[in-house]
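Predicted model and sequence follow; I will ask about them next.
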Amino acid sequence: MRARRINCAGMESKLAGLLLDPNAAPAKVQGHVEQCGNCKSELEELKATMALLDSWEGPEPSPYFLSRLEARMKEEREAAPAGWLKRRLSGWFAAFVYGSHARVRPLAAMALTTLLFLGGGAYLGLTNWDQVPAPARETAVVQDLQTLANNAQLLDQLEALSTNDTNNSGN
């Protein structure tokens, strides 16, 4: 008998659904897992991992953690920064981070507009607008037709000269 080839593409995402709620998984997925040894072993590994995670207990935080955090935050808020520059910068930083951003938007719009004008001016200064565009080059077909027309005119002129010479010599 020929062994059937089983397609496991996209099964990793469906195995999680089968692990969490086996009754809600489609019958096609359940049938695939029953037939495919790789997917079946993957599902068993996922079940073992979930069982290990269920048995794990996280460490309890210290009972004084929140009170110490609040005290530290209060100290930082009440402490005045040293020096006028540091005070000014910390005030601006706090206003920017914690304050209303309504004052920042017009400044950002003005800065962006200025950058656009400077960039556009630099672009116009770098490009040469005074140059006359080069005339379009004729294609090879047009040049060939013009050459043939010139050759035809030259041949007509030579024929006219030869007929004049034969007429003049015959007289």
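On my side now, so go ahead. What you see is a predicted model; the values in this text were computed from it and never measured.

Only C-alpha atoms from now on, for both contacts and neighbour counts.
Noted.

Give me the most central residue, this protein.
Residue closest to the mean C-alpha point of the chain, counted by Cα atoms, centre = their mean, is residue 112 at 21.9 Å.

Which positions in the top helix by length along the chain come out as buried?
Of all segments of type helix in the chain, defined using DSSP state H, the longest is helix 140-170. Within helix 140-170, no residue counts as buried by 16 or more other Cα atoms under 10 Å.

Tell me the secondary structure of the residue nearest to the centre of the chain, please.
Of the three states, residue 112 takes helix according to DSSP: H, G, I helix; E, B strand; the rest coil.

And for the one 10 residues further on?
Each residue gets one of three states, and residue 122 gets helix by three-state DSSP.

re earlier: for the residue nearest to the centre of the chain, give its distance to residue 105.
Distance, residue 112 to residue 105, by Cα to Cα, to the nearest Å: 10 Å.

Equivalent analysis for residue 89, please.
With Cα to Cα as the criterion, residue 89 and residue 105 are 19 Å apart.

how about the helices in the chain?
According to DSSP H, the helices that the chain contains are 11-20, 27-35, 37-55, 65-78, 84-98, 104-126, 140-170.

now these as CSV including mean pLDDT?
Listed next are the helices of the chain as CSV, based on pLDDT from 0 to 100:
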stretch, mean pLDDT
helix 11-20, 80
helix 27-35, 85
helix 37-55, 88
helix 65-78, 88
helix 84-98, 78
helix 104-126, 82
helix 140-170, 79
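
Count the neighbours of residue 33 for me.
Using other Cα atoms under 10 Å, residue 33 has 20 other residues around it.

which residues touch it?
Taking Cα atoms under 8 Å, 6 or more residues apart in numbering, we find residue 33 in contact with 39-40.

What's the separation between it and residue 39?
5 Å.

same check, this time on residue 69
Per Cα to Cα, residue 69 is found 48 Å from residue 39.

between these two, who's got more neighbours?
With neighbours defined as other Cα under 10 Å, residue 69 and residue 39 compare such that residue 39 has more, 17 against 11.

and the more buried one, what does it touch?
8, 11, 15, 32-33.

try residue 15
39, 43.

and with 10 Å instead?
Counting by Cα atoms under 10 Å, 6 or more residues apart in numbering, residue 15 touches 21-22, 25, 29-30, 33, 39-40, 42-43, 46.
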